[in-house]
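Trainee: no letters, just coordinates:
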């Protein structure tokens, strides 16, 4: 049977939630699933950002404190190796 070799992929369990993109005023956190066994033949596999492999939620919906004072418009980070 030629169709017996057509197998969908197998996905790993959900990975950990990533850090929220903002400390306040609604950021985004996400987690994903990678492929543990690729599809074979005409088997299908969900796309990377499909609901089966990528999940995102809003986080840190609280308002930012009103007493924060910014000293510069841009932060500068220098990395040395």
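Mentor: Great, that's in hand. Model, not experiment: these values are computed from the prediction.

Trainee: give me the distance between residue 57 and residue 18.
Mentor: Using C-beta to C-beta, to the nearest Å, one gets 11 Å for the distance from residue 57 to residue 18. No exception for glycine: its C-beta is placed from N, CA and C like everyone else's.

Trainee: who touches both of those two?
Mentor: Counting by C-beta atoms under 8 Å, 6 or more residues apart in numbering, the contacts common to residue 57 and residue 18 are 29, 30.

Trainee: where does the protein have low pLDDT?
Mentor: 1-4, 68-77, 79, 81 (pLDDT under 70).

Trainee: and the strands in it?
Mentor: Counting by DSSP state E, the chain has strands at residues 10-11, 27-32, 35-37, 54-59.

Trainee: quick one, what contacts residue 40?
Mentor: By C-beta under 8 Å, 6+ apart, residue 40 lies in contact with 5, 6, 7.

Trainee: if we can go back for a sec, how about the strands of the chain, which one is nearest residue 65?
Mentor: Closest to residue 65 of those, according to C-beta to C-beta: strand 27-32, at 15.4 Å.

Trainee: residue 46: neighbour count?
Mentor: Counted by other C-beta atoms under 10 Å, the residues lying close to residue 46 total 16.

Trainee: could you find the closest non-adjacent residue to it?
Mentor: Distance criterion C-beta to C-beta, 6 or more residues apart in numbering; nearest residue to residue 46, sequence neighbours excluded, is residue 52 at 3.9 Å.

Trainee: for residue 47, same thing?
Mentor: Counting by C-beta to C-beta, 6+ apart, the residue nearest residue 47 is residue 53, at 7.1 Å.
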